[in-house]
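Participant: take this sequence and fold it.
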Amino acid sequence: MFCPICGKENPEGSTFCAGCGKPLSAPTAPAPAPAAAPVAPQQPAPQQYAAPQQQYAAPAAAAPAKKSAILPFGDFFKSLFTAALKPVTGASDEAKKYDLIGNSLILSGIVVGILTIANFLLYMLRTTIYQNWPRNFGDAFVRVVRNFFGSLFDYALMTFGFAAIMLLIGLIIKEKWSFSRLLAICSMAVFPSEAVRILIVRFFTSVPVNSDTTWYYTMLKYFPISTVLSAAATIYAFILLYEGVTRETKLEGNKKGFVVALAWVALEFVSHYIGLIY
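Facilitator: Have a look, this model is predicted:
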């Protein structure tokens, strides 16, 4: 072994150097390499399990009740008066509310019902005033029933019949029109004219004329007010129908007048010959 100070060679195992006397240190063994830390065995990752889905879906919240499309009862009478006061645009404007057939049926039912009852009551009044009742109860009952259902059929034909004829004409000329709106227009056109005809025209003819009422007899003779009012009511109804139907169907030119006139003539023809039955 050699002295690290002076470099003299000394016997193996010497404690001090023979040359310089310095203590000799034992050769240091190389420091052992640090042991590697044991590697922990890798744990398998916990397996992810999907939560089981519910077999039955939770009950859905109840949907709010759908608002009825039926118009309030007062709106039907409002439509009748609006159309009567605005003969040019009233019926066509009001018809836009009647896309639902249920509303048109209610409107036509109101019109037919009011006119039928009014005409029936006036018939009862006239028959009582003129004492024209049959002596047989069965004959009187048959006459009353016949008058009531005859009036009902007439007014139903004026509304439903005209709308059906217009719809048929539309199919012939390849036009698609709304039966619901046509029925509403016909009902609004029929009501004011027939109301005037029942409540005013027929009322004048219901009052008996005798020698004691000379002034009244003279007025009816030289100024037939019932005839004038009846003609005016018919013309007014035709104007309402003409304007309402042509605006709804959007017919133009000569076609619109031809279609409405054809429907009117067809209605009068049907009502006349069917009326012969009763």
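Participant: which residues touch the closest residue to residue 100 other than its chain neighbours?
Facilitator: Of all residues not flanking residue 100 in the chain, residue 69 sits nearest, at 5.0 Å (Cβ to Cβ, 6 or more residues apart in numbering). All C-beta atoms are positioned from the backbone trio N, CA, C, and that covers glycine. Shown in contact with residue 69 (Cβ atoms under 8 Å, 6 or more residues apart in numbering): 100, 102-103.
Participant: try 10 Å
Facilitator: Residues near residue 69 by Cβ atoms under 10 Å, 6 or more residues apart in numbering: 99-100, 102-103.
Participant: any idea which of those residues has the most stuff around it?
Facilitator: Most neighbours among those, by other Cβ atoms under 10 Å: residue 103, with 20 neighbours.
Participant: can you pull the poorly scored residue ranges out of the protein?
Facilitator: Applying pLDDT under 70 to the chain picks out residues 25-68, 201-226, 254, 256-257, 264, 267-278.
Participant: could you pull out the helices for it?
Facilitator: Secondary structure of the chain, counting by DSSP state H: helices at 73-85, 90-95, 101-129, 137-156, 162-172, 179-196, 202-206, 214-222, 225-249, 254-275.
Participant: tabulate these (a markdown table), appending distance to residue 15.
Facilitator: Below are those laid out as a markdown table (distance: least, Cβ to Cβ, whole Å):
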| stretch | distance to residue 15 |
| --- | --- |
| helix 73-85 | 129 |
| helix 90-95 | 131 |
| helix 101-129 | 127 |
| helix 137-156 | 143 |
| helix 162-172 | 135 |
| helix 179-196 | 129 |
| helix 202-206 | 158 |
| helix 214-222 | 169 |
| helix 225-249 | 133 |
| helix 254-275 | 140 |
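Participant: closest to residue 13 out of those helices?
Facilitator: helix 101-129 (126.3 Å; Cβ to Cβ).
Participant: now do the contacts for the closest residue to residue 185 other than its chain neighbours.
Facilitator: Excluding its sequence neighbours, the residue lying closest to residue 185 (Cβ to Cβ, 6+ apart) is residue 244, at 3.9 Å. Residue 244 is in contact with 83, 87-95, 181-182, 184-186, 188-189, 260, counting by Cβ under 10 Å, 6+ apart.
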